[in-house]
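Colleague: Task: produce atomic coordinates for the following.
(one chain, ligands or ions: 2)
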Amino acid sequence: MLKEELAIFTFGDLLEHFPNRHIDKTKVSKIKEISPQSEFIQVAGTLMNLELAGDKRAKRLVGQLKDSSGVLELAWFQGVNWVQKNLQPGTQYLVFGRTGFYNGRPQIIHPEMEIYTPAMSEGKPFLEPVYPATEKLKARGLNGRQIGKLTTVLLSSLQRKDIEENIPAYICERLGLMNRYDAFCAIHFPQGPEEYDKAVKRLKFEELFIAQVRVNLIRLQRHKVSKGVLFEKVGDLFNTFYSKYLPFELTGAQKRVLKEIRTDTARGHQMNRLLQGDVGSGKTIVALLSMLLAADNGYQSCMMAPTEILAQQHFNSLGRLLKEMPLEIAMLTGSTKAKARKKILEGLLDGSIKIVVGTHAIIEDAVQFKNLGLAIVDEQHRFGVEQRARLWQKAPLPPHVLVMTATPIPRTLAMTAYGDLDYSIMDELPPGRHPVTTVHRYENARASVMDFVKTEIAKGRQAYYIYPLIEESEKMSYEDLMQGYEQVKSFFPEPKYSISMVHGRQPAEQKDVNMQRFVSGDTQIMVSTTVIEVGVDVPNASVMVIESAEKFGLSQLHQLRGRVGRGGEKSFCILLTGRSASVDARERINIMCATNNGFLIAEKDLELRGPGDIEGTRQSGALNFKLASIVNDKQLLELARYEAEQLLEEDIEINMAKNLQLRKFLASQKGKTGWSRIS
Ligand code: ADP
Ligand code: MG
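Modeller: Ligands and ions are numbered 1, 2, ... in the order given. Reported below is the predicted structural model:
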């Protein structure tokens with residue numbers, strides 16, 4: 001029962017089933033203090049009467065308890081006979097239970113009753129734990145208090161040696177952390193609020209510290225022990241391109257990140273780096289230069305994108321940039337025709353193709369490389385860990401991996417969910433970008449919004465019109481989209497205007513054709529679902545209208561908005577909503593109107609949604625903290641990270657005597673989390 005309902009399998013799990021809160025059993029309240037907000041309460045008073053009510057089948061026992069301030073109703077539906085025999089009207093009782101209201105009067109069902117002596121409410125506070133239980137368990141009579149009793153029995157049978165310390169003593173001492181055994185005792189049965197807080201802090205730190213040791217162990221072992229492809233030199237390809245064909249001066253951030261990649265790949269250890277940059281910060285060129293570095297050292301590279309459209313676009317822009325370079329590049333996706341595919345596979349195997357751009361198709365087993373040295377994964381949140389692992393099997397030494405995110409990830413999330421990777425940050429946009437002016441309008445202002453779009457088109461600009469199609473297969477939203485398309489058409493009649501439409505139900509080829517017509521400026525308006533969310537680059541587009549903006553998440557909105565403001569023109573994003581948007585949705589819209597900074601938006605997104613919902617978060621147990629929260633415990637997380645790094649810098653094998661307890665603990669935990677499965 002416990003096992004199924006609460007995932008409690010062992011005594012250890014029971015110990016880690018922490019109370020929601022504690023109740024001070026020495027505090028006696030007045031009956032008149034009971035309000036619909038009070039949950040559990042303890043009162044003392046005289047039991048005035050005790051009577052059976054209801055019929056035979058639904059018998060219940062009802063009593064009245066009176067103190068100097070009012071009357072409280074008590075009721076029992078079970079064990080009626082026993083209760084009736086054991087309680088005496090006229091006696092003073094100490095009564096405890098969860099309060100409710102019945103016909104406007106306060107009531108406790110199945111209260112706990114003890115005969116009251118005033119001395120009881122004096123003396124030391126006694127904090128009794130209240131545990132989370134589930135409705136099913138409650139129905140079987142196992143509520144939070146029974147779980148508390150089990151825990152009491154368990155704790156009293158355990159000794160200090162049974163709950164071994166796992167954080168090295170010198171760290172506990174330096175940080176003033178409570179010992180592990182004491183912390184477990186105190187979180188369940190604290191002497192007072194301060195002791196409880198200390199216990200919680202200790203156990204939160206433990207969770208974060210152990211997780212940080214794990215991820216940093218992977219990261220630092222890679223630096224110190226792993227064997228990787230060696231890019232010895234910066235050669236002709238890189239230098240020629242850099243001096244002759246680079247179409248712009250790199251931003252400071254781009255240069256810094258390139259330097260980090262250069263250093264990483266020149267050490268003979270494998271690089272596994274996460275590149276975080278805001279939308280439009282120019283990650284593609286960093287990818288291109290890294291691939292030239294690989295080619296200079298005789299290695300092949302691949303670059304993977306989450307969609308065909310995006311892969312095609314990368315292929316086109318890389319092709320354009322590398323036009324004058326003596327370098328063969330190819331594109332491989334699911335829709336590559338058999339004959340072309342065969343040629344590409346041969347070229348990859350014999351090494352004549354140096355760079356291949358594509359989709360998931362690249363990691364299929366049939367694709368073999370001569371010497372893959374670098375794999376770039378664009379917009380990583382759609383690429384799973386296992387898929388990346390498959391990449392590694394394509395070369396004798398694991399290729400360097402550069403993962404590029406679509407939008408920034410909050411620092412705390414990067415440290416936990418992606419802590420095994422090194423990361424680079426591009427927090428600078430190319431010069432000349434104007435922030436996109438973002439405004440919120442209600443749907444009934446659509447006509448004037450359309451007029452505004454017309455004035456932009458009259459200036460030669462292009463516009464995006466976005467519809468939420470959360471589930472591409474949802475019939476309803478598909479119909480909405482078609483209706484929306486007709487509506488846009490009625491505002492922008494042919495032949496004066498022409499419109500492209502792209503959505504997830506179209507065959508890839510049709511998508512591409514429609515997309516290309518917009519890219520080439522053939523159509524002025526692009527009606528689309530979120531399929532354009534990621535990556536498309538049409539600098540001439542200066543307006544985006546987002547319908548039902550309340551249905552989008554923050555990072556999605558930011559990513560969408562990143563499609564405009566890419567040229568030198570002033571750009572606009574108009575968020576349309578109905579009047580009934582939720583509080584959270586309003587908050588999202590406000591944030592979007594207030595800032596263009598993706599790093600800030602990512603933080604807000606995490607605060608609003610919580611870590612569980614963030615797209616791309618690994619389901620690896622990295623975030624399954626029982627107590628700690630990466631939103632509320634940022635400082636503790638920073639501290640845990642610092643301590644874990646210090647420890648591993650000194651003792652990467654975790655071999656030193658002073659770290660022995662940590663070593664033992666990690667060994668005992670093997671296989672308990674998903675970490676062993678991670679790259
Ligand atoms: P993202 O980081 O979102 O993938 P892209 O790599 O698509 O961004 O770059 C966005 C746009 O900025 C592209 O049109 C690109 O050519 C341009 N760009 C990139 N770096 C620079 C730079 N240093 N100076 C000027 N324009 C740049
Ligand atoms: Mg990009």
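Colleague: how much space between Lys85 and Ile109?
Modeller: In this structure, Lys85 and Ile109 are 19 Å apart, going by C-beta to C-beta, to the nearest Å. (C-beta placed from N, C-alpha, C; glycine too.)
Colleague: neighbour-wise, which of those two wins?
Modeller: Ile109 (16 against 8; other C-beta atoms under 10 Å).
Colleague: Please list all residues in contact with the more buried one.
Modeller: 74-77, 97-98, 100 (C-beta atoms under 8 Å, 6 or more residues apart in numbering).
Colleague: one more time with 10 Å, if that's ok
Modeller: Residues near Ile109 by C-beta atoms under 10 Å, 6 or more residues apart in numbering: 60, 73-78, 97-100, 102.
Colleague: Quick check: phi and psi at it.
Modeller: With angles defined as degrees, to the nearest 10, Ile109 sits at phi -100, psi 130.
Colleague: who does it bridge with?
Modeller: Applying DSSP bridges to Ile109 gives these bridge partners: Ala75.
Colleague: Could you do Ile466 as well?
Modeller: Ser528, Ile546.
Colleague: what number of residues lie near it?
Modeller: The burial count for Ile466: 29, using other C-beta under 10 Å.
Colleague: now Glu194
Modeller: Per other C-beta under 10 Å, the neighbour tally for Glu194 reads 10.
Colleague: if I've got this straight, it is in a strand?
Modeller: No: residue state for Glu194 (DSSP: H, G, I helix; E, B strand; the rest coil) corresponds to helix; a strand is not indicated.
Colleague: which residue ranges form the strands in the stretch 351-500 of the chain?
Modeller: For the stretch 351-500 of the chain, the strands defined by DSSP state E, counting those that start in this stretch cover 355-358, 372-378, 400-404, 422-426, 437-442, 462-466, 499-502.
Colleague: Quick one: closest of the ones you listed to Gln661.
Modeller: Nearest to Gln661 among those is strand 422-426 (28.5 Å), distances taken as C-beta to C-beta.
Colleague: quick check, that closest one touching ligand 1?
Modeller: No: figure legend: strand 422-426 not in contact with ligand 1 (C-beta under 6 Å from any ligand atom); closest approach 7.1 Å.
Colleague: Pairing partners for that strand, with directions?
Modeller: In its sheet, and by DSSP bridges, strand 422-426 pairs with strand 272-277 (parallel).
Colleague: which parts of the strand it pairs with are buried?
Modeller: Judged by neighbour count using 16 or more other C-beta atoms under 10 Å, the buried positions of strand 272-277 are 272-277.
Colleague: give the contact list for Asn391.
Modeller: One correction, residue 391 is Leu, not Asn. Contacts of Leu391 by C-beta under 10 Å, 6+ apart are 302, 304, 362-363, 367, 369, 372, 375, 377, 383, 398-399, 401, 679.
Colleague: Can you go through these and name the buried ones?
Modeller: By 16+ other C-beta under 10 Å, the contacts of Leu391 give 302, 304, 362-363, 367, 369, 372, 375, 377, 383, 398-399, 401, 679 as buried.
Colleague: Columns pLDDT on top of the buried residues of strand 272-277, output as TSV?
Modeller: Shown next, in TSV, are the buried residues of strand 272-277 (pLDDT from 0 to 100):
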residue	pLDDT
Asn272	90
Arg273	93
Leu274	91
Leu275	94
Gln276	91
Gly277	89
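Colleague: and these, which two are the farthest apart?
Modeller: Largest separation among the buried residues of strand 272-277 by C-beta to C-beta: Asn272 and Gly277, giving 17.3 Å.
Colleague: Closest residue of the stretch 451-600 of the chain to ligand 1?
Modeller: For the stretch 451-600 of the chain and ligand 1, the shortest gap (C-beta to the nearest ligand atom) falls at Asp537, measuring 5.0 Å.
Colleague: Next: the stretch 351-500 of the chain.
Modeller: Residue of the stretch 351-500 of the chain nearest ligand 1, by C-beta to the nearest ligand atom: Pro430 (3.3 Å).
Colleague: and that residue, what is it in contact with?
Modeller: Pro430 neighbours (C-beta under 10 Å, 6+ apart): 248-251, 253-254, 280-282, 285, 566.
Colleague: Next step: those residues restricted to helices.
Modeller: Taking DSSP state H, the ones among those that sit in helices are 253-254, 285.
Colleague: and the residue in the stretch 151-300 of the chain positioned nearest to ligand 1, how many neighbours?
Modeller: Scanning the stretch 151-300 of the chain for the residue nearest ligand 1 gives Gly282, at 2.8 Å (criterion: C-beta to the nearest ligand atom). Here the number of neighbours of Gly282 (other C-beta under 10 Å) works out to 19.
Colleague: you'd agree it is up against Thr251?
Modeller: Yes: contact criterion C-beta atoms under 10 Å: Gly282 and Thr251 qualify, at 6.5 Å.
Colleague: Could you identify the least confident member of the contacts of Leu391?
Modeller: Scanning those for pLDDT, the low point is Ser679. It has 30.
Colleague: hang on, the earlier thing: what pLDDT is listed against the residue of the stretch 451-600 of the chain closest to ligand 1?
Modeller: pLDDT recorded at Asp537 is 78.
Colleague: got the contact list for it?
Modeller: Residues near Asp537 by C-beta under 10 Å, 6+ apart: 280, 284, 310, 313-314, 316-317, 519, 562-563, 566.
Colleague: could you pick out which of the residues you listed are near ligand 1?
Modeller: Checking the contacts of Asp537 against ligand 1 (C-beta under 6 Å from any ligand atom), the matches are 280, 284, 566.
Colleague: Domain map for the chain?
Modeller: Per automatic domain parsing, the domain ranges recorded for the chain read 21-130, 166-299+371-432+616-679, 437-595.
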